[in-house]
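Novice: I would like the atomic coordinates for the input below:
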Amino acid sequence: MTKRLLTVAVALIILAATEAAAQSCHAPAAQTKKPETKMVIPDVAVLDQDGRPLHFYTDLIKGKTVAINFIFTNCTTICPPLAATFARLQKELGEKVGKDVHLISISVDPVTDTPQRLKAWGAKFKAGPGWTFVTGEKQEMDKLLNALGAAVSKREDHTPALIIGNDSKGVWTRTYGLAKISQIMGVLQNVMAGKVDEPATSEEVKR
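Specialist: The predicted model follows:
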């Protein structure tokens with residue numbers, strides 16, 4: 001009787017372990033979120049890397065398809081890889097950059113990141129037309145970062161989030177900013193068409 005109970009107990013333990021492993025294999029560690037039906041973007045006053053005054057929504061977002069990431073020029077951890085990803089995306093998109101798709105890098109440290117600093121930093125990654133770097137007065141930038149869900153108490157705490165949106169179709173999504181270019185391109189192409197990919201698995205977002 002004792003031997004039979006022991007056999008049953010071992011079988012149950014093996015079954016539970018198998019189910020847990022199966023669930024773990026299918027649980028996405030990083031994924032593309034479902035499209036947001038509405039993104040309220042404030043039309044705050046900002047400056048680009050050339051020091052030109054712009055209104056964020058009117059001049060950079062309205063009617064456009066955009067990819068937005070968040071950086072600061074003193075960053076030595078995730079910001080250079082984020083910029084490198086945009087540089088590769090810029091190369092992959094070719095002539096579509098600035099026409100069909102606009103790249104936007106927003107500073108999370110506007111006090112330090114003057115237009116001149118942003119321009120010099122962008123030059124390291126060969127940023128071309130259609131890739132805009134954004135800074136401005138801290139109060140205005142705080143409004144913008146809050147609206148985009150990117151506000152942090154310390155600049156070092158910002159995450160490698162990538163926002164991709166199609167303003168004309170009202171489709172917005174967030175994904176991993178350090179994902180493979182093929183994955184980002186897939187999300188971008190779907191957003192341009194007014195739809196979004198299914199959530200990406202952890203395997204798909206590895207570099």
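Novice: ok, the closest residue to residue 113 other than its chain neighbours to residue 118 distance?
Specialist: Across the structure, with Cβ to Cβ, 6 or more residues apart in numbering as the measure, the residue nearest residue 113 apart from its sequence neighbours is residue 107 (3.9 Å). To be clear about C-beta, it is placed using only N, CA and C from the backbone, and glycine gets the same treatment. Relative to residue 118, residue 107 is positioned 7 Å away (Cβ to Cβ, to the nearest Å).
Novice: what do those two both touch?
Specialist: Applying Cβ atoms under 8 Å, 6 or more residues apart in numbering, one finds that residue 107 and residue 118 are jointly contacted by 73, 133, 134, 135.
Novice: name the member of these with the most neighbours.
Specialist: Neighbours here are counted as other Cβ atoms under 10 Å. On that basis the top member of the shared contacts of residue 107 and residue 118 is residue 135, with 28 neighbours.
Novice: could you report the pLDDT at the residue nearest the centre of the chain?
Specialist: When Cα atoms, centre = their mean is applied to the chain, the residue found nearest the centroid is residue 162 (0.5 Å). The predicted local confidence for residue 162 comes out at a pLDDT of 96.
Novice: so what's the closest residue to it other than its chain neighbours up against?
Specialist: Leaving aside its chain neighbours, residue 162 sits nearest to residue 177 (3.7 Å; criterion: Cβ to Cβ, 6+ apart). In this structure, residue 177 makes contact with 69, 82, 85, 160, 161, 162, judged by Cβ under 8 Å, 6+ apart.
Novice: where do the strands sit along this structure?
Specialist: For the chain, the strands defined by DSSP state E occupy 45-47, 53-55, 65-71, 102-107, 131-134, 161-166, 171-176.
Novice: I'd like the ones you listed laid out as CSV, including distance to residue 146.
Specialist: Output for these, formatted as CSV (distance: least, Cβ to Cβ, whole Å):
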stretch, distance to residue 146
strand 45-47, 14
strand 53-55, 17
strand 65-71, 12
strand 102-107, 12
strand 131-134, 15
strand 161-166, 14
strand 171-176, 15
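Novice: out of those, nearest to residue 93?
Specialist: Go through the strands of the chain one by one with Cβ to Cβ and the one that ends up closest to residue 93 is strand 102-107, at 8.4 Å.
Novice: what packs against that closest one?
Specialist: Using 3 or more Cβ pairs under 8 Å, 6 or more residues apart in numbering; DSSP states H and E as the contact criterion, the neighbours of strand 102-107 among helices and strands are strand 65-71, helix 79-93, helix 115-123, strand 131-134, helix 138-147.
Novice: re the thing from before, what does the residue nearest to residue 162 show for phi and psi?
Specialist: In this entry, residue 177 is assigned phi and psi values of phi -70, psi -10 (degrees, to the nearest 10).
Novice: what's the separation between it and residue 63?
Specialist: Computed as Cβ to Cβ, the residue 177 to residue 63 distance reads 24 Å.
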